[in-house]
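**Student:** Make a model of this:
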Amino acid sequence: MYELFILGQLMDRPMTGYQLRKALSSVVGQELTISFGALYPLMDKLAVAGELTLAFAPGETKRPQKVATITEAGRDRFMKLALAPVTLNKQTQLTFQMKLNFLHLFSQDQRVTVLTAYQKFAIGQLDRLATHRQYLEHNPHMVAEDVQDALLVNQLQQVRAQAQADWVTALLQHVQQERESES
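**Tutor:** Numbers count the residues shown, from 1 in each chain. Sure thing, here's the model as predicted:
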């Protein structure tokens, strides 16, 4: 997942590890960002795979900075990752956030593909939350106060999921209208 982000960021311009981490933080939030201890080894791994190059360049300080530049193999790998189906797991939401951050790199058809997949996920999330709500409402093994608190959290999650579903549906309609007007 972080590989997707690194390669996507480098599609626009070369960046240092510090710049990559700062960009990631602005997309996913400070609490979900990657540590430097994980970022730099991942950048080295991508360099060994030939997906990016790392070179020292003069920085704003006296110390040279290691700058990452994407290669053609990295561009191909990014597109493969960005257009791959997303598995339903604890990283699904984060993976879609990263893909949505790179919509400007996709063709109209690719945008529709990514947005349609996200829409399907968001609607599925609403269905899963409704099923969980029913389970909570009829769970004889939970204390009534715990059920009430769990229902409040479920309600918050449903509001968030509904907002995502509405947002992606509107954006998808806009992208499809653009595609039709270009045809």
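**Student:** Which secondary structure element is home to Leu4?
**Tutor:** Assessed by DSSP states H and E, Leu4 sits inside helix 2-12.
**Student:** so after that helix, what's the next helix or strand?
**Tutor:** Next along from helix 2-12, by DSSP H and E: strand 15-16.
**Student:** ok, then the element right after that following strand?
**Tutor:** Next along from strand 15-16, by DSSP H and E: helix 17-28.
**Student:** Show me what that next one is packed up against.
**Tutor:** helix 2-12, helix 36-48, strand 65-70, helix 92-101 (3 or more C-beta pairs under 8 Å, 6 or more residues apart in numbering; DSSP states H and E). In this view, the C-beta of every residue, glycine as well, is placed from N, C-alpha and C.
**Student:** Check which residues of that helix are buried.
**Tutor:** 17, 20-21, 23-24, 27-28 (16 or more other C-beta atoms under 10 Å).
**Student:** just to revisit the earlier point, ok, and for the helix holding Leu4, which residues are buried?
**Tutor:** 2-10.
**Student:** just stretch 41-61 next, same as before
**Tutor:** 42-43, 46-47, 51-52, 54.
**Student:** Go through those residues and name the one nearest Gln173.
**Tutor:** Glu51 (34.7 Å; C-beta to C-beta).
**Student:** which one is the closest one nearest to, not counting chain neighbours?
**Tutor:** Nearest non-adjacent residue to Glu51, counting by C-beta to C-beta, 6 or more residues apart in numbering: Gly74, 3.5 Å away.
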